[in-house]
Every structure is written in C-alpha cells, then in structure tokens.
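Asker: Please work out how this folds:
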Amino acid sequence: MAVVAGIGRALLVAGVCALLVSIGVGPASADSASSGSDISVAQSLGDRELTIILRRVTSVPGPLRVDVVTHVGTAAGRLTLVATPTGVSAQSRQPAPGAPTAEAVVELGGTPGMYSATVRMDRAGPWELAVGDGTRVARIPFVVPAQVTSPPERLVYGGFLVAGVLLPVAVVIAIRARRSALALIPAAGMVAGVAVSVTAALLSASLPLPPQPGGQLDPTLDNVTDPYAVNQPLISDFSRPPVLLTVAGGPGRAEQPGDLDLRLIDAATGAPVDDLVVHDSALMHLLLVGPTGRLRHLHPIRIGPGRYQVHLVAPEAGQYALSAELARRGGGVQMIRAATGFTVSPGAATPDSASATVHLGGGDKSASTVIDGNQVTIRTTTPVAGSPTTITAEFGDSADLQPWLGMVGHLIMAGPLPDDPNIAVAVQNSPIWGHGHSMGPTSMQGMSDMPDMDMHGMDMTAPAASRGNMLMPPANGESAPDETVAAYGPDVPFTYTFPIAGRYRLWIQVERHYTVLTVPVVLDVAAGAQP
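Answerer: This is a model prediction of the structure:
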C-alpha cells in the first residue's frame with residue numbers, strides 16, 4: 001500500500017506540475033497569422049477627397065465598421081457601401097462569391113470629420129467594398145482574416161488534452177489496481193503529452209509565419225482560411241514585373257472638369273495589373289504638377305481590374321507632369337511616370353499664383369510664408385550635394401497637426417530643373433522625382449539621434465531642438481492614429497541627401513484642421529567637394 005500511495009502522490013505532483021506548466025507556457029503570438037489591423041484608404045471620389053477606414057474584423061460572422069473622414073470643402077451627401085465576397089473555393093459551402101451580401105449607407109454632413117456605418121461580414125477571405133456617390137463607384141479590395149489555429153498551437157492544446165485525460169486514469173489505476181506498476185503506462189503518456197506541449201510552445205516563437213494572403217500571396221478563400229496548408233511549392237521570392245502606366249481622357253479645357261483614366265499593365269505579360277496593395281494609406285498616389293508649379297496629390301479610385309480613374313479640374317492650360325506611386329503585391333514600391341503627362345487646352349481660366357513659393361539656398365536658410373491663412377516657416381541646413389540636408393517646416397506654434405496618409409508630413413521633390421517657364425515640362429523630364437515622409441520630431445530626452453521612420457529609404461532624422469510629438473509606427477496587429485488625432489508638430493523635419501547639385505522644386509504637405517496644406521519650396525543645392 002505504501003508503494004501504491006507513493007506512486008499516487010508522484011502522479012498527483014506530476015499532474016500539478018503539468019497544470020502549472022499549462023498556465024505559465026502558452027503559444028507565442030507569432031504562431032497564428034496576424035489578425036491584421038485597420039485599413040486606411042484615401043480616395044479621390046468625384047470632387048470629394050475622402051479617407052475610408054476599414055476597422056479590423058475580429059470574428060466572422062461579425063461586423064465591419066467603415067469610417068469615412070471628410071475634409072474642409074467636402075460636400076454633404078450620401079455614400080452607399082456594398083460589400084461583395086470575391087474568393088473562390090471548390091470546398092466552400094457558402095453562397096457563390098460575386099454577389100453582394102451586405103449594404104449600408106453613410107450620410108456625410110457639412111462639417112469635416114468622421115462619419116460611420118457598419119456592414120456584416122459572413123465569411124473570411126477576399127472581399128471588395130464598393131463605395132458609391134451616385135455617379136462613381138470606388139472598388140476597394142480587402143481581406144477578412146480567419147481565426148486560424150497554427151500547427152504549434154494544435155500540438156500545445158493536444159498535448160495538454162492528452163495529459164489531462166491520462167492524469168485521472170493513472171491515479172485511478174495506481175489506487176485501485178492490484179498491480180500499481182500499470183499506472184506507469186498512462187503516466188508515461190501524460191508526461192509525453194506535457195513534453196510535446198512545452199516543446200511546441202517553446203519552439204513556436206522561432207517558426208516563420210506562412211506567406212500572408214493579401215500581402216505576399218493573391219488571396220483566395222482557401223489560403224485565407226488555412227494559410228498553413230501547403231498547396232504549392234513554397235517560394236521565397238514574391239517579386240513581380242514592373243507596371244506600365246497609360247493615361248487617357250482628362251479635362252480637355254482649363255476650368256472644365258474631366259475624368260482622367262489610368263490603366264496599369266504588367267510589363268511582362270501585358271495583362272491588367274490588379275494586385276495593388278494599400279501603401280501609405282492608398283492604392284495609388286497620383287502626383288500632378290501644373291505649368292506654374294502647383295502640385296496636386298490625388299488618390300484615384302479603382303473602377304475595375306487594372307483600371308483607375310480620378311475626376312479633376314485643371315486650373316490652367318498647358319502641359320501637366322504626372323507620376324503614380326504604388327505597391328504591387330510582392331513587387332515593392334514603384335514610382336511610375338507617364339511618358340508625356342497630359343495637356344489641357346486654354347479656357348476661361350487665370351494662371352495659378354506661385355507667390356507663396358519659398359526660395360532657399362545660396363545663403364538663405366530660413367523663410368516664411370502664409371498658406372491658406374497658416375503661418376509657415378521653412379528652415380534648412382546648408383544644402384550641398386552628397387551631404388544630408390535637413391529641411392524643417394514649422395506650422396504655427398502649437399502641436400495640432402493631424403496624420404495624413406499615416407504620416408505627419410510628406411515631402412515631394414523634383415530636380416534638378418532648368419530655368420523653364422513651364423515648370424511641368426521641366427519636372428516631367430527631371431532626373432529625380434521622389435516622395436518621402438516625416439513621422440514628426442522626437443520629443444523625449446535622449447532620443448534626438450533616433451531616426452524617424454520613412455517608407456522610401458529617406459533618413460528622416462529630427463533635430464535635437466525639435467518640439468512636438470513623433471507618430472510612432474503601429475506594432476503588429478495595432479493601428480496607427482487616424483486623422484481625428486490632432487497632436488503633432490508644429491515642427492515637421494525631413495532629412496535627405498540630394499545626389500546632384502542644382503535647383504529643386506519641393507512640396508511639403510501636412511494636414512491641419514482637416515485641410516491639407518501644400519507649401520511649395522525652391523531649393524538651390526550647391527555642388528559638393530570633388531573626390
């Protein structure tokens with residue numbers, strides 16, 4: 001009996017240890033495919049410049065909240081939302097994709113801000129949200145993630161389940177059986193189950209995630225609901241050919257509206273490109289520069305596979321330079337120039353005024369201007385080719401800037417430019433046309449040397465004396481602050497190394513009081529020392 005009791009006590013201790021291990025050790029968060037975060041997509045829908053935010057879907061069936069942020073000058077009205085599943089699977093028993101399953105209406109008011117509606121998602125997988133204003137429809141692709149249990153998690157749960165079942169079996173055998181040694185059989189199984197669970201939990205953090213549908217792979221119902229299934233040979237190179245851009249239509253005459261049609265073509269196959277991913281809160285960033293140097297930063301709506309459209313009014317006649325910035329799934333960020341831009345015929349229009357342009361360089365390191373009633377001061381270090389140049393824009397004296405397109409500030413540049421009265425022609429042919437970002441200045445002690453993050457390889461480093469807050473990038477599964485958060489600035493620093501000496505056109509963009517402010521800057525970059 002003493003031997004039996006000893007074995008029973010040993011099994012009880014082992015069971016308690018297994019319970020403690022099960023509480024203290026769990027699967028790492030990297031085991032499962034990320035549930036994703038909010039998706040923010042800027043859309044130039046007709047005359048409205050909107051930011052459409054798709055909040056994360058935590059479970060299906062479940063609600064998808066859609067928030068629409070409007071800006072100053074946005075007309076009140078009604079938007080219709082129609083959600084359509086697009087994923088195809090031979091194993092699915094749900095209704096066939098391609099038919100709308102949820103609809104809602106967003107009533108936009110005359111006051112800039114956020115307006116919301118909710119649509120119901122009935123399945124995981126790829127979807128398309130159609131946003132219509134009664135005349136045009138923007139089609140936004142997105143993915144509703146599934147709640148997936150990874151293989152390491154299955155081993156953890158399965159091992160503890162086996163241990164939990166075998167524990168009372170071993171105790172009963174040890175107490176009642178004539179041969180108490182038989183209890184060692186379920187006890188051994190229990191120990192093996194705990195060992196499998198603990199090993200799987202400890203090793204799971206080092207296991208890589210499978211390719212992510214929507215980010216790396218074309219999403220289907222199958223790979224969204226079971227991303228761990230190996231349905232094809234695994235590859236590590238997800239790159240795709242570059243995109244060719246063709247431009248058609250557009251406003252025919254100055255001050256008259258028109259639709260600019262953009263077609264994206266795969267450079268290798270000639271097929272329509274329909275695998276763009278949301279990059280810097282938009283499927284496409286369209287940059288237009290007019291004859292007198294006015295910049296327009298628009299976000300064309302997707303109207304079909306490889307087809308985008310933007311409605312615009314050209315304020316003046318002449319040639320317009322055009323480039324598009326986009327990210328193809330697995331293909332990285334691309335900035336594509338239209339071969340010749342587009343031309344607008346004369347109409348009843350007056351030329352744009354460029355009187356607010358700030359001119360720096362050649363000894364001038366600071367200048368001020370007024371943009372839409374906002375006092376702006378631009379400061380720069382000595383601009384020399386081949387050396388980092390820090391350009392800081394100061395908007396007022398309070399930290400009330402809003403993040404636009406996920407950033408505190410945007411810097412668009414083109415150059416070096418010749419002395420051409422038609423700035424658009426010079427920009428169209430310039431060797432450098434770039435787009436960089438500022439996450440804002442650092443504000444904590446000891447962080448003056450920490451670079452702000454940028455998505456285009458520009459080192460955005462804040463000066464040590466900068467004031468205000470820095471927009472921190474979101475962690476996995478979290479979401480960045482949206483445009484309702486006015487807590488950044490007033491300093492917005494950019495640091496860039498100009499590779500060639502000459503005269504550059506710069507445009508600095510921020511959002512304040514739901515208005516996007518664009519500050520034009522002319523910067524003369526001096527030649528560096530010869531090696």
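Asker: what's the model's confidence in the helix or strand hosting residue 64, averaged?
Answerer: If you go by DSSP states H and E, residue 64 is part of strand 62-69. Throughout strand 62-69, pLDDT has a mean value of 95.
Asker: Flag every buried residue along stretch 357-369.
Answerer: The neighbour-count check on stretch 357-369 (16 or more other CB atoms under 10 Å) flags 357-358, 360-361, 367, 369 as buried. C-beta coordinates here come from the backbone N, C-alpha and C atoms, glycine included.
Asker: Same question for stretch 287-307.
Answerer: Buried residues in stretch 287-307, defined by neighbour count with 16+ other CB under 10 Å: 287-303, 306-307.
Asker: low-scoring stretches of the stretch 251-400 of the chain, by residue?
Answerer: Segments of the stretch 251-400 of the chain classed as low confidence (criterion: pLDDT under 70) are 348-355.
Asker: ok so residue 164 is a helix residue?
Answerer: Yes: under the criterion used here (DSSP: H, G, I helix; E, B strand; the rest coil), residue 164 sits inside a helix.
Asker: Can you give me the pLDDT of it?
Answerer: Looking at residue 164, its pLDDT reads 80.
Asker: can you check the one 10 residues further on too?
Answerer: In the predicted model, residue 174 carries a pLDDT score of 73.
Asker: mind checking the backbone torsions on it?
Answerer: phi -60, psi -30 (degrees, to the nearest 10).
Asker: ok, and the closest non-adjacent residue to it?
Answerer: By the measure of CB to CB, 6 or more residues apart in numbering, the closest residue to residue 174 outside its immediate chain neighbours is residue 183, 3.7 Å from it.
Asker: does the one you found sit in a helix, a strand or a coil?
Answerer: On the three-state scheme (three-state DSSP), residue 183 is labelled helix.
Asker: how deep is it tucked in, by neighbour count?
Answerer: The number of residues packed around residue 183, counting by other CB atoms under 10 Å, is 23.
Asker: separation between it and residue 119?
Answerer: Distance, residue 183 to residue 119, using CB to CB, to the nearest Å: 57 Å.
Asker: Can you show me the strands along the stretch 251-400 of the chain?
Answerer: Counting by DSSP state E, counting those that start in this stretch, one finds strands in the stretch 251-400 of the chain at the ranges 257-266, 285-289, 295-298, 301-304, 307-313, 318-328, 332-337, 342-344, 358-360, 366-371, 374-380, 388-395.
Asker: Report the distance from the fifth one to the chain centre.
Answerer: The chain centroid and the centroid of strand 307-313 are separated by 22 Å under CA atoms, centre = their mean, to the nearest Å.
Asker: Just the pLDDT for the closest residue to residue 162 other than its chain neighbours.
Answerer: By the measure of CB to CB, 6+ apart, the closest residue to residue 162 outside its immediate chain neighbours is residue 193, 3.6 Å from it. What the model reports for residue 193 is a pLDDT of 78.
Asker: and residue 193, which of the three is it?
Answerer: The local conformation at residue 193, judged by three-state DSSP, is helix.
Asker: ditto for the one 5 residues further on
Answerer: The three-state assignment at residue 198 reads helix, by three-state DSSP.
Asker: Quick one: neighbours of it, just the number.
Answerer: The criterion is other CB under 10 Å. On that basis, residue 198 has 18 neighbouring residues.
Asker: What separation is there between it and residue 187?
Answerer: 17 Å.
Asker: for the residue nearest to residue 162, what are its contacts?
Answerer: Applying CB atoms under 8 Å, 6 or more residues apart in numbering, one finds that residue 193 lies in contact with 18, 158-163, 166.
Asker: Kindly report the same for residue 219.
Answerer: Residue 219 makes contacts with 87, 125-126, 143, 213, as judged by CB under 8 Å, 6+ apart.
Asker: Confirm that it sits in a helix.
Answerer: No: when classified by three-state DSSP, residue 219 is found to be coil rather than part of a helix.
Asker: roughly how far apart are it and residue 168?
Answerer: Residue 219 is 45 Å from residue 168, where distance means CB to CB.
Asker: Pull the number of nearby residues for the nearest residue to residue 404 once chain neighbours are set aside.
Answerer: If you skip the residues right next to it in sequence, residue 404 has residue 511 as its closest partner in space, 3.8 Å away by CB to CB, 6+ apart. As a burial measure, the neighbour count of residue 511 was computed by other CB under 10 Å and equals 24.
Asker: Quick check, residue 511 in contact with residue 485.
Answerer: No: at 10.7 Å, residue 511 and residue 485 do not qualify as touching, with contact defined as CB atoms under 8 Å.
Asker: helix/strand/coil for the residue nearest to residue 404?
Answerer: Put simply, residue 511 is strand when judged by three-state DSSP.
Asker: Now do the same contact list for it.
Answerer: 71, 401-404, 483, 517.
Asker: Show only the entries of those found in strands.
Answerer: With strands taken from DSSP state E, the overlap with these comprises 401-402, 517.
Asker: any idea which of these is closest to residue 56?
Answerer: Minimum distance to residue 56 across those is 21.3 Å, recorded for residue 402 (CB to CB).
Asker: all strands of the stretch 51-200 of the chain, in order?
Answerer: Per DSSP E, counting those that start in this stretch, the stretch 51-200 of the chain carries strands over the ranges 62-69, 77-85, 102-108, 114-121, 125-132, 137-144.
Asker: can you put those strands in CSV and add mean neighbour count and distance to residue 417?
Answerer: Below are those laid out as CSV (neighbours: other CB atoms under 10 Å; distance: least, CB to CB, whole Å):
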stretch, mean neighbour count, distance to residue 417
strand 62-69, 19, 35
strand 77-85, 18, 40
strand 102-108, 15, 40
strand 114-121, 16, 40
strand 125-132, 21, 38
strand 137-144, 20, 34
